[in-house]
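Participant: What follows is a predicted protein model with its sequence.
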Protein chains: 2
Amino acid sequence: MIMGRVLVNRLVALAAAVAACGAASVAQAEDGYKLWLRYAPLQGEALAHVRGLPRVVYADPDPTVALAGAELARGLADLRGESSRPGVVVTASRLARPLPPNSLSLDCHDPSQPTGGAFAVSPANGGLRVVAAEPVGCLYGAFALLRELSLGRDPATINLAERPAMPLRMLDHWDNPDGKVERGYAGRSIFDWWKLPEHLDERLVDYARADASIGLNGAVVNNVNASPLFLTDRYLPKLKRVADAWRPYGIRLYISVRFSAPHEIGGLATADPLDPAVQAWWKARADALYAAIPDFGGFLVKANSEGEPGPQDYHRSHADGANALARAVGPRGVVIWRAFVYSAEDKTDRAMQAYNEFVPLDGKFDANVIVQVKNGPIDFQPREPFHPLFGAMPHTRLMFEGQITKEYLGQATHLVYLAPYWKEALDADTGRGGTVAQVIAPAGMAGVANTGSDRDWSGSHFNQANWYAFGRLAWNPNLSSEQIAREWAAQTFSRDPAFLAKVVTLMIGSRQAVVNYMTPLGLAHQMATGHHYGPGPWVCDLKRPEWNPCYYAKADKAGIGFDRTAGGSNALAQYAPSVAARWSDPRLMDEDYLLWFHHVPWDFRLRSGSTLWADLVGRYDRGVAQVDQMARMWAGQAAYVDAERFADVSDDLRIQAREARWWRDASIAYWQSLNGLPLPAGTRPPEHPLEYYKSLQFPDAPG
Amino acid sequence: MIMGRVLVNRLVALAAAVAACGAASVAQAEDGYKLWLRYAPLQGEALAHVRGLPRVVYADPDPTVALAGAELARGLADLRGESSRPGVVVTASRLARPLPPNSLSLDCHDPSQPTGGAFAVSPANGGLRVVAAEPVGCLYGAFALLRELSLGRDPATINLAERPAMPLRMLDHWDNPDGKVERGYAGRSIFDWWKLPEHLDERLVDYARADASIGLNGAVVNNVNASPLFLTDRYLPKLKRVADAWRPYGIRLYISVRFSAPHEIGGLATADPLDPAVQAWWKARADALYAAIPDFGGFLVKANSEGEPGPQDYHRSHADGANALARAVGPRGVVIWRAFVYSAEDKTDRAMQAYNEFVPLDGKFDANVIVQVKNGPIDFQPREPFHPLFGAMPHTRLMFEGQITKEYLGQATHLVYLAPYWKEALDADTGRGGTVAQVIAPAGMAGVANTGSDRDWSGSHFNQANWYAFGRLAWNPNLSSEQIAREWAAQTFSRDPAFLAKVVTLMIGSRQAVVNYMTPLGLAHQMATGHHYGPGPWVCDLKRPEWNPCYYAKADKAGIGFDRTAGGSNALAQYAPSVAARWSDPRLMDEDYLLWFHHVPWDFRLRSGSTLWADLVGRYDRGVAQVDQMARMWAGQAAYVDAERFADVSDDLRIQAREARWWRDASIAYWQSLNGLPLPAGTRPPEHPLEYYKSLQFPDAPG
């Protein structure tokens, strides 16, 4: 009983702290910091429903359950518009069940429930009951319940029974130890390694809460182009402090490791993965990490890719490299090995190289190795077909890698909602026994985070939707893009149906808009060099062929497109025959992928009857018009959104409108310089001559 | 009258916007964002006093006066603890005076008052009256009045008549266009050039308000190691948007320019300042800037220093270079030319080179050129004697350059209050007809800003005090460090006398503490290479001699210190004879400067009777003990400070305590390796051997 008292006191303190935090934040200006966890007061009938709910939450002394209870008490108070009355969280020992009537109860150790984060929520005994096999299930259940209530659902009708679709639901942070975020457009890193371990920024706790609210359960804290610092003793207490803060939220900490670290910081003569001293070094590092962080997640590795060291430097395979690290980690965690490789020596189509390197290794990876595969075979382009590795390695756990930060999709400012983008890959039938989502279900999904220290976390308010959507899809890839958009917009901005109708439409259409004004008809990688900001289709003088946009468009006077049929690189053959067949005939296929797979003449007739050239120009124009339409739709929402965020979004849309025109004009000017064709009748000519667009330089581009 | 109505409406809108902003911020968590402008509710008698003040503020339609009125109405409401009742701002036409009784009035066009930002505040007719010749004087007066009230002053006793001591009171931002801040330890730049001009972050308005509240009136928005981008057409609308936002707060915008820009971006064959085409190019750029920004401040130039281009590249003098730019600017603004130069070719004492280069040019600079001189002759070291240029160029306007960001003083985390540091220089008698403060009075002061996008603006809560103190000293260098510390701490944390007694003491002692544990007895530049973080006294292998700490300490088995007497570099002779005499005899001088001017044996006897070695070790020990004492003093203040900021400061002090020991131990270990002397009896030996300290690497150091 003494122990019980201590735990109760601890819980009360925790709940009070959370409550105090909430009280302060409720009155904050709407600067976007609160993300989708605003719990704005309900109105009308929905308000009456939550006001009818009990104010007492029964929890237990587990730290995660305590957080769930405090979140529920605080969230309900906010939804009731009574933030100053956050309700009461009562801890009951596990033996004190059944709970009193008319309560909200968290029943978090029910062995009859499934494990792995599953939960059920149902009306019970005048209140509501969240039940789970484990504390983290209750946490997810509490957030799910609050989400339903936030959306205006009548509590009496809430009956949820959910379990996550995959075990690993992660964010990969491409954050360097000095605070710079590679491809980051939201300020500096959220990780201030310099002040750790003494100082832990509260933002890291808020981050874990946000992740948990959408079901994410892991984060790689540093860039895949990895500094060996994260393997040094100096960083151990820093990592431990973060992991300790994240543990109650169910977020496991992973690090990216540099394959050559045994040589570089270990003082060994080699980093050969078959060298026993190298293996012992990795074992010792893993042991040190697990001593500090018992639930340490494991290592993420980018090896022999874009200049990073790897096992091939020692004439070993990716499997040799991955297994050496996996044995150091052992059953305690995983090694996530990226399939994003392409080589200066390999002269085949870049889109084919990952498949060529990895398929022969299928079955050779240890059980705790996961191979992480990008959604498409190139690199997060506005549109790519799904990666041919999905389904092609039946004896290897494959994980999906998406990019939440919009490196190639307008970066911080363009409004592009990515759920339709990811679902295009996740829903794709591999032709080898399932969809991509089914292939990755035994492993998981990792999203390259768009978080930074900007007050709005993600560089813009709408970029938050992509963080949200990635988590929701990792939890359940069968959710529709529309549902996720609606959930997010209602929680983030306004529940008003008129607002949601417009804004969900705006979001859903935004991805096709960016494809249209950047890379229509299956074009890819037309971005300027290095920063990937703005158009650079004319770039053709970089050392390695596949660094050049001209490599991807293969445009000349006669035609445009990359021939990946049997007459060309034959990348099509990497797909299952049923899939390849869908894309093999340029006259019959989905034209959104046309130039990805086919080189066609400028006067090629599309099914609409238009020539390729006329259709291409038309798509650029449509992209520009779509952005203008998005801006008009947003302009009508001033009544539903606070002034600060409304203006922020409006400003971003002004930038996007300007840049969409720039993309269209620069691209058309360049294609015209090749094909010499007149513009289709009635088409606006580019604003400037091609030389102007070529002359633009952006040494100040972020990321 | 129509015009009057429009202006009134505009003012009402402005006041409402400011009020709304204030209302939201009042309830914010105490994360430091509000700086010293918290206007925390008064208590007791002071509360009764402000509650007795009228709620109506009479202003006029000028935008700056409108801001002053709104600030006053909102600030008073906050001080009264009635943020929801911000009072009423009434605009009266200028002819409607005299004003009604029982009001707060802003009388901002009184030709009998002095110009240049002066103001008077006095009780009048049952209320208070702020009077000035210009709107900006009223703004300063409103802030001054609120400061007095915030400190608990009885309004009936407030009688202020102030005018700034110097015309230019500036911050220099060493911010690069990509958002990185050179020597910045508070996150990314506050300037998001990428999203400008479409999007202006509200932080830039809050910044201008904070600057104006302490009397600052200018800011150089980019790094002295200047990107030519700021002179391009692309940046003009960005700069204009910022200048427009700052104008009502009286903040003029300046830019740093790259001397070679006419060649690099202008397409000219040269940047020779005597070339007519170059002169025409600068004139055209200045004209474009003034067309966009009529009150543009001018150019700041770092030339022929640390690799930056300059007129000497064309065999022209600094005066030739400065005058070419000054003629482009003309009477519209100024050219501020930095005297921070030292050359790879010049083999004389680095501390002497600025004087040697600039004194011969005295009288050759145009009237709108200002030469900007650092506080000391090296580079913002924890302690330096004042710069010998002060007083040595009687025909040139000299400006004082201080560094608010703590590049050499513990960077983000160490608590070091810099007012005593700057006053050491400002109060110094040059021996040439006045103090440094008197020498610079016709020009001004520029502080290298410590602002960034961190929520607390400055990397730590106490770093805000240095921003505050720099502004206050530029307004009035005769203010005492204690008064400024007390003002700041009372507004920022708590007015409780017990709190202030401790915290002001802590602040005042903090500068000597850092000198003691880093560079006691006149040592300088003992920091590690590049990042200047941590000790590196052993570094002696860098290409240029003056890049090495060993150059500055000149330590060996026999002794330590830089002989700057006639027997050595004779830098002493650059000072007025009366000043040189004070520092010429190591047995009689202020020992804080001993090793700056003298090389002495390790057994040199100080006036205390101690040997130099024993005293040196004792000073390191004292520095460590002082930090421990600071931490103890802070630990006792939990009752006076909100939990978040209390913990933040406590965490920083833990880092400082660890790093003070590191500085002490590494330094002592190194000196012992040279002199072979035992530690004085009872002294704790360094924790690690010297090799350990030498082995530490910090590739992740910020800034």
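Facilitator: Sure, I can see it.

Participant: if you skip the residues just before and after it, what's nearest to A:Met166?
Facilitator: A:Gly444 (4.2 Å; Cβ to Cβ, 6 or more residues apart in numbering or on different chains). (Each C-beta comes from the backbone N, C-alpha and C, glycine too.)

Participant: who's in contact with the one you found?
Facilitator: Taking Cβ atoms under 8 Å, 6 or more residues apart in numbering or on different chains, we find A:Gly444 in contact with A:166-170, A:370, A:399-400, A:474.

Participant: what's the neighbour count on A:Ala118?
Facilitator: By other Cβ atoms under 10 Å in any protein chain shown, 19 other residues sit near A:Ala118.

Participant: And whichever strand or helix holds A:Asp651, what does it pack against?
Facilitator: In the assignment (DSSP states H and E), A:Asp651 maps to helix A:643-675. Contact partners of helix A:643-675 among helices and strands, from 3 or more Cβ pairs under 8 Å, 6 or more residues apart in numbering or on different chains; DSSP states H and E: helix A:497-518, helix A:612-635, helix A:690-695.

Participant: May I have the beta-bridge partners of the residue nearest to the spatial centre of chain A?
Facilitator: Nearest to the centroid of the C-alpha atoms of chain A, with distances taken as Cα atoms, centre = their mean, sits A:Gly447, at 3.1 Å. Following DSSP bridges, A:Gly447 is listed with bridge partners A:Leu171, A:Gly402.

Participant: next one: A:Ala161
Facilitator: Bridge pairing for A:Ala161 - DSSP bridges - gives A:Ala120.

Participant: so it touches A:Ala120, yeah?
Facilitator: Yes: A:Ala161 is in contact with A:Ala120 according to Cβ atoms under 8 Å; the separation is 4.4 Å.

Participant: Neighbour count for those two, which is higher?
Facilitator: Neighbours of A:Ala161 and A:Ala120, each counted by other Cβ under 10 Å, are more numerous for A:Ala120; the result is 20 against 13.

Participant: what's the distance between that one and A:Ser213?
Facilitator: 18 Å (Cβ to Cβ, to the nearest Å).

Participant: and what of A:Phe296?
Facilitator: 23 Å.

Participant: now A:Leu37
Facilitator: 6 Å.

Participant: hey, which of the helices and strands packed on helix A:643-675 is tucked in deepest?
Facilitator: helix A:497-518 (a mean of 21; mean count of other Cβ atoms under 10 Å in any protein chain shown).

Participant: after that one, next one along is what?
Facilitator: That would be, after helix A:497-518 and using DSSP H and E, helix A:549-553.

Participant: Name the residues that touch that following helix?
Facilitator: A:350, A:378, A:523-527, A:536-540, A:545, A:560-562, A:595.

Participant: residues touching the closest residue to chain B within the stretch 301-450 of chain A, list them.
Facilitator: In the stretch 301-450 of chain A, no residue comes nearer to chain B than A:Thr413, which is 6.6 Å away by Cβ to the nearest Cβ. Residues near A:Thr413 by Cβ under 8 Å, 6+ apart: A:459-460, A:652, A:655-656, A:659, B:195.

Participant: Return the distance of it relative to A:Glu687.
Facilitator: Remark: distance between A:Thr413 and A:Glu687 (Cβ to Cβ) = 20 Å.

Participant: In contact with A:Tyr355, which residues are there?
Facilitator: A:Tyr355 touches A:377, A:388-389, A:392, A:574, counting by Cβ under 8 Å, 6+ apart.

Participant: Counting neighbours, what do you get for A:Glu659?
Facilitator: Neighbour tally, A:Glu659, other Cβ under 10 Å: 21.

Participant: Quick check: A:Leu606 vs A:Val600, distance?
Facilitator: Applying Cβ to Cβ, the value for A:Leu606 to A:Val600 is 9 Å.

Participant: Any chance you could list residues touching both of these two?
Facilitator: Common neighbours of A:Leu606 and A:Val600 (Cβ under 8 Å, 6+ apart) are A:594, A:612.

Participant: who's in contact with the residue lying closest to A:Asp107 once chain neighbours are set aside?
Facilitator: Leaving out its chain neighbours, the residue that sits closest to A:Asp107 by Cβ to Cβ, 6+ apart is A:Val131, at 4.5 Å. Neighbour list for A:Val131: A:107-108, A:110, A:113, A:119-122, A:138, A:141 [criterion: Cβ under 8 Å, 6+ apart].

Participant: and these as CSV, adding pLDDT?
Facilitator: Putting those into CSV (pLDDT from 0 to 100) gives the following:
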residue, pLDDT
A:Asp107, 93
A:Cys108, 95
A:Asp110, 94
A:Gln113, 96
A:Phe119, 98
A:Ala120, 98
A:Val121, 98
A:Ser122, 96
A:Cys138, 97
A:Gly141, 98
